[in-house]
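[1] Mind folding the following:
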Amino acid sequence: MAIRYISPVPRRTASGRVAEVYAQSVADFGQPAFMMLSPAPDLHAAAWAVLRESSLTGSAPRVDKEVVSVAVSHANRCRFCIDAHSILIHALGDHDLAEDLFHDRTPAEAGYAELVAWAKATRTPGAAQLPAPPFPAELAAEYIGTALLTHFINRMFSTLTDEQLLPGNLQRSRSVRRVGAMAYTRVVHRELNPGDSLPLLAGIPLGHSPAWAAGTPIATAFAALRGAAAAGGALLSGPGLDLLRTTVAQWDGTHQPSPGTWLPQRLAGLPGADRPATALALLAALAPHDITDADVTAWRASAHVTDADLVRLLAYGAVVALDRIDETIAGQASTR
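    Take a look at the predicted model:
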């Protein structure tokens, strides 16, 4: 995986919050998590906490949550995340399921098929699968948290990496996927203590806490993610913020056409100085694959900005999209 546009903090020189996230994620996840977010340590820690508390701990089967992650990644066309989570299902021992999901085939087992349909539907407001999700109410926070975290991370991987899990896309070979899974076999079966990531969030301002996760570490982690991402909103002008929020509020879940058509129309009413930052936030929210070197260069030329600024701006756009999806799920779900 090549990280684009920013320089991540190397493990050997990491300190403070970033070093602590690297250490915990290696122990609990098998690798340092989300290195492309490390220039913004608060955002990096919050994203890791959401992953850990939603997807790696709790009572819902880990394989179920990996199914959700693969299905959401297919809906968002995030190739890196499809490949990575399919390998984790191999590590959990369900090889046929991993291959079905890798190739976007409907799983043979009805329960997994229902999970896939629900997870893919979370991208689409009003989708028929949303009012009756296929999991019990007491586990809703884990399933919903996993789906929302995947929507966020899909956008960050699509904007800040080349989406190649292994050089030359070697993971596209089934034998490589099986062998690669062996490195994670032990860690995916570890039983983790919920809440152990929360000390990493000390001092991060908290944003909106989701009602569907009330009283759980998942709620705190999401509140920290929103609070950390809010700094990216400060990099947008007032009109730019309004345009981003209005555009995402009107989004129906469809994939955007070429940015050469819809994006200039959206930006046309903004002052020229406001357009580069707003364009990046809009693309991160709705069309992350379409961000180009030229888009990033135009924004960097418009202001004195850092790698941390870029990470936060893109994350803010992604969180605005996440909030739109969250509203859709929370407004329609009546867990069984």
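
[2] which residues sit in contact with Arg190?
    Asp28 (C-beta atoms under 8 Å, 6 or more residues apart in numbering). Glycine gets a C-beta too; all of them are placed from N, C-alpha and C.

[3] again, but for Ile291
    Neighbour list for Ile291: 158-159, 280, 283-284, 314 [criterion: C-beta under 8 Å, 6+ apart].

[4] now the most centrally placed residue in the chain: how far from Val70?
    Nearest to the mean C-alpha position of the chain, by C-alpha atoms, centre = their mean, lies Ile153 at 1.8 Å. Note on Ile153: its distance to Val70, by C-beta to C-beta, to the nearest Å, is 13 Å.

[5] Give me the common contacts of those two.
    With C-beta under 8 Å, 6+ apart, Ile153 and Val70 have common neighbours Cys81.

[6] Where does pLDDT dip in the chain?
    By pLDDT under 70, the weakly predicted segments of the chain are 1, 163-183, 331-336.

[7] and the longest helix for it?
    Longest helix of the chain, by residue count under DSSP state H: helix 307-332.

[8] which of the contacts of Ile291 lies closest to Ser302?
    When the contacts of Ile291 are ranked by distance to Ser302 (C-beta to C-beta), Leu280 comes first, at 10.5 Å.

[9] tally of neighbours for the closest one?
    26 (other C-beta atoms under 10 Å).

[10] so how far is Ile325 from it?
    Distance, Leu280 to Ile325, by C-beta to C-beta: 20 Å.

[11] go on, Ala308?
    Distance from Ala308 to Ile325, counting by C-beta to C-beta: 25 Å.

[12] ok, the two, which is more surrounded?
    Taking neighbours as other C-beta under 10 Å, Ala308 and Ile325 compare with Ile325 leading, 22 against 19.

[13] residue at max distance from the center of the chain?
    Pro271 (30.7 Å).

[14] Do I have it right that that one meets Pro239?
    Yes: counting by C-beta atoms under 8 Å, Pro271 does reach Pro239; the two are 7.3 Å apart.

[15] sec struct for Glu142, please.
    Look at Glu142: counting by DSSP: H, G, I helix; E, B strand; the rest coil, its state is helix.

[16] So what's the residue count around it?
    Glu142 has 27 nearby residues by other C-beta under 10 Å.

[17] Ala230 now?
    Applying other C-beta under 10 Å, we find 17 residues neighbouring Ala230.

[18] Helix, strand, or coil at it?
    Here Ala230 is recorded as helix under three-state DSSP.

[19] and if you look at Ser59?
    coil.

[20] what do you get for Ala127?
    coil.

[21] From His151, how far out is the closest residue to it other than its chain neighbours?
    Counting by C-beta to C-beta, 6 or more residues apart in numbering, Ala121 is the residue found nearest to Ala127 once chain neighbours are left out, at 3.6 Å. Distance, Ala121 to His151, using C-beta to C-beta: 12 Å.

[22] So Val116: helix, strand or coil?
    helix.

[23] just Gln256 next, same as before
    Here Gln256 is recorded as coil under three-state DSSP.

[24] ok, it to Gln265 distance?
    In this view, Gln256 and Gln265 are 11 Å apart by C-beta to C-beta.

[25] if you count what's nearby, which of these two comes out ahead?
    For Gln256 versus Gln265, neighbours defined as other C-beta under 10 Å are more numerous around Gln256 (16 against 8).

[26] Could I get the phi/psi values of that one?
    For Gln256, the backbone dihedrals (degrees, to the nearest 10) come out as phi -70, psi 150.

[27] residue contacts, it?
    With contact set as C-beta under 8 Å, 6+ apart, Gln256 has these partners: 262, 286-287, 290.
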